[in-house]
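[1] let me see the structure of the following:
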Amino acid sequence: MTRWLGAAVLALAMACQDAATRLPPPPEAGILRGIEVPWTVLREPGFRPSVRWLAENGFDHLRVELPPDPEALARLLALTAEVGLGLVVGLADDASPGDWEAFARALPEGRARLWLLLPEDADAAAEALAIVRRRDGERIVVGPNPGEPRSLLGLALGPDLAQASATLEAVGAAARERGIPVYCRSLGLPTTAEGSERDAYYDDLIAALEAHGIPWSLSDARGEADVLDDRGYLIPGVMAALGRDRPEL
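    All right, here's what the predicted structure looks like:
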């Protein structure tokens with residue numbers, strides 16, 4: 001198993017290196033390491049201190065799957081701006097064109113450190129992007145290039161590293177065609193590897209992505225279903241998996 005994992009990690013790293021030479025550059029303004037959080041706990045007492053702790057401990061953005069709700073989006077943008085985090089937002093992969101229309105109407109006026117996460121399916125991504133740009137592309141701008149939409153084509157990797165490299169290459173081709181940077185959402189974890197082998201999978205996969213500037217977000221943090229509990233507080237097991245103690249919140 002260890003030998004197989006090593007070979008698969010190497011294959012993924014080579015695929016990352018090959019794809020990175022041909023992909024559009026990653027978005028500016030510094031997002032690389034993120035964590036997915038549920039929008040349903042935005043108003044819970046633990047959410048604000050948890051987000052602040054994440055900002056102080058190596059994470060630079062949140063990823064949130066939102067309903068087309070202007071109030072929820074405005075609340076998230078205010079909080080992430082307050083603590084210095086970027087925000088990657090999107091809808092469910094099965095969102096309809098009408099859902100994307102409502103989402104586009106909910107985008108804030110003015111500039112924000114906001115990235116739009118498109119569906120993984122290339123055709124659905126193109127349709128969603130066209131809808132949002134038609135509504136007001138100026139609302140999805142960050143960094144030094146006003147007027148340039150900051151959109152990301154998301155993909156999920158794992159638990160098979162060999163398959164992950166093939167996924168990266170396939171999605172990378174679609175991204176190159178549309179000029180959209182790639183974003184690795186929902187890092188998957190192997191269900192059969194235990195202990196050090198599982199840690200090696202996780203660490204080497206992230207290292208391969210980061211070496212080539214592909215931003216990513218955790219959603220299951222080495223086996224945990226969520227990183228926040230239903231009151232918005234960080235789950236102790238998640239912090240242990242990340243090699244950190246639970247903060248005093």
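[2] count of neighbours near Pro108?
    The local packing of Pro108 (other CB atoms under 10 Å) involves 14 other residues. (C-beta placed from N, C-alpha, C; glycine too.)
[3] tell me the pLDDT at it?
    Listed pLDDT for Pro108 reads 70.
[4] same deal with Leu153?
    56.
[5] what's the answer for Leu10, then?
    For Leu10, the predicted pLDDT is 39.
[6] what do you get for Ala225?
    Model confidence at Ala225, given as pLDDT, is 48.
[7] Pro45 too?
    For Pro45, the model assigns a pLDDT of 91.
[8] give the helix, strand or coil label for it.
    Put simply, Pro45 is coil when judged by DSSP: H, G, I helix; E, B strand; the rest coil.
[9] from Pro215, how far off is it?
    29 Å (CB to CB, to the nearest Å).
[10] which one of those two has more residues nearby?
    For Pro45 versus Pro215, the count of surrounding residues by other CB under 10 Å is larger for Pro215: 25 against 12.
[11] the more buried one touches Ile35, doesn't it?
    No - using CB atoms under 8 Å, Pro215 makes no contact with Ile35, being 11.9 Å away.
[12] which positions in stretch 89-103 come out as buried?
    Val89, Gly90, Leu91, Ala95, Asp99, Trp100, Glu101, Ala102, Phe103 (16 or more other CB atoms under 10 Å).
[13] extract the CA atoms of it and return them as CSV.
    Only the C-alpha atoms of stretch 89-103 are listed here, as CSV (Å, rounded to 0.1, in the frame of the first residue of the first chain):
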residue,chain,number,x,y,z
VAL,A,89,-18.8,31.1,-3.0
GLY,A,90,-20.9,29.0,-5.3
LEU,A,91,-24.1,27.1,-5.6
ALA,A,92,-24.8,23.4,-5.7
ASP,A,93,-23.7,21.5,-8.8
ASP,A,94,-27.4,20.9,-9.7
ALA,A,95,-28.3,24.6,-9.5
SER,A,96,-30.6,25.7,-12.3
PRO,A,97,-30.1,28.7,-14.5
GLY,A,98,-32.8,30.4,-12.4
ASP,A,99,-30.8,29.8,-9.3
TRP,A,100,-27.7,31.4,-10.9
GLU,A,101,-29.8,34.4,-12.0
ALA,A,102,-30.9,34.9,-8.4
PHE,A,103,-27.3,34.4,-7.2
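[14] and the nearest residue to Val132 once chain neighbours are set aside, what element?
    Spatial nearest neighbour of Val132, excluding adjacent residues (CB to CB, 6 or more residues apart in numbering): Ala104 at 4.6 Å. Assigned by DSSP states H and E, Ala104 falls within helix 97-106.
[15] and that helix, what does it pack onto?
    helix 70-83, helix 122-136 (3 or more CB pairs under 8 Å, 6 or more residues apart in numbering; DSSP states H and E).
[16] same for the longest one, what does it pack against?
    For helix 122-136, the contact count by 3+ CB pairs under 8 Å, 6+ apart identifies helix 97-106, strand 114-118, strand 151-156, helix 161-178 as packing neighbours.
[17] which one of those has the lowest average pLDDT?
    strand 151-156 (a mean of 57).
[18] and the closest residue to Ala102 other than its chain neighbours, what's its pLDDT?
    Excluding its sequence neighbours, the residue lying closest to Ala102 (CB to CB, 6+ apart) is Pro68, at 3.4 Å. Note for Pro68: predicted pLDDT of 70.
[19] pLDDT-wise, which helix or strand of this structure ranks last?
    In the chain, no helix or strand scores lower on mean pLDDT, DSSP states H and E than helix 2-20, which sits at a mean of 41.
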